[in-house]
Structures are given as structure tokens and as C-alpha cells.
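> got a structure for you, letters missing:
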């Protein structure tokens, strides 16, 4: 039995097997540890700040996900622009867009970025690549408050 395994036993095969077990172990650990609260309500405790100039001490940061209104292309229309906005007391830290295709449409995200007009708004443009049916898109903003 060992004589059959020995010719196939190389450093690369052993390292690949070890890497696979480490990856599967980390994934199963992440799946097994479910969060106590939803992501939109989770807060992260900060560590002590350095003595760098302009640094402020922050006790906790709350991250919220703000969804914008959904918008759809008209039949045969090629693109739709959507946006989501943080509240006055929040800072935009990121964002994105979700797309829904219907009736044979093919949604393609052309851009997804902070708005140049408002620093608290995330804007996205979604195109209908084949022009068939309607594309619906919803922008979301990741907003932080402390």
C-alpha cells in the first residue's frame, strides 16, 4: 500500500493537502460562529489611538447600511442611475449596488462610487447590456457614526 502512495508523494502534494485542510478549517470556523446581531446593527470597538497630530479617541463606531430607492430601466432603455445617502450625522465609508434582471435583460454595473456632488451619497449606474426587458437596481451606502 505504501509503495503505491510513495511515488505520488511530493512536497507540492503535501503542501497542497495541508493548505486545503487549513482553508476548510478556517471556513468551517467562520460558518460556525454566527454573529449575535445583524451586520447593519453591528458596532466595532476601536483600539487606543496613537499620539499622532489630529488623532481623536473614539469609543465605538457604529456601521449602518442605508438602502436607496430602487429604480428600473424602461422597456428598451439602456441604463439607470441609483443612489443611497447617509444621514447627516454619518460618514460615508463605502457602498455598492444590487441588480435584478427580469425578462431576459442583462444588467452590467458601469460605475459604483461616492457621488461628486455630495460626500454622503453613493451613486451607481447600471446598464442593460442587451436592451431586452427591464433592469432594476438598488444602491446601498455603508455609513459610520461615532
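Structure's in. What do you need? Given the structure is predicted, the values throughout are model-derived calculations rather than measurements. Residues are numbered from 1 along each chain as shown.
> does residue 69 touch residue 80 like I think?
No - the pair residue 69 / residue 80 is not scored as a contact, 11.3 Å apart, by C-beta atoms under 8 Å. For every residue, glycine as well, the C-beta is placed using N, CA and C.
> more neighbours, these two?
Taking neighbours as other C-beta atoms under 10 Å, residue 69 and residue 80 compare with residue 80 leading, 21 against 9.
> where's that one, which helix or strand?
strand 79-85 (DSSP states H and E).
> what does residue 144 give?
Per DSSP H and E: residue 144 is located in strand 134-145.
> for the helix or strand hosting residue 125, name the packing helices and strands.
Using DSSP H and E, residue 125 sits within strand 121-128. Contact analysis of strand 121-128 by 3 or more C-beta pairs under 8 Å, 6 or more residues apart in numbering; DSSP states H and E lists strand 79-85, strand 91-102, strand 107-114, strand 134-145 as its packing neighbours.
> in the chain, which ranges drop under the pLDDT threshold?
1-2, 4-6, 24-60, 75-77, 102 (pLDDT under 70).
> please parse it into its domains.
2-32, 39-47+58-145 (automatic domain parsing).
> okay, those domains, which one's buried deepest?
With neighbours defined as mean count of other C-beta atoms under 10 Å, those peak in mean count at domain 39-47+58-145, which reaches a mean of 16.
> in the sheet, who's paired with residue 144?
Taking DSSP bridges as the rule, residue 144 bridges to residue 63, residue 91.
> strand partners (parallel or antiparallel) of the strand holding residue 125?
Strand 121-128 has these strand partners (DSSP bridges): strand 79-85 (antiparallel), strand 107-114 (antiparallel).
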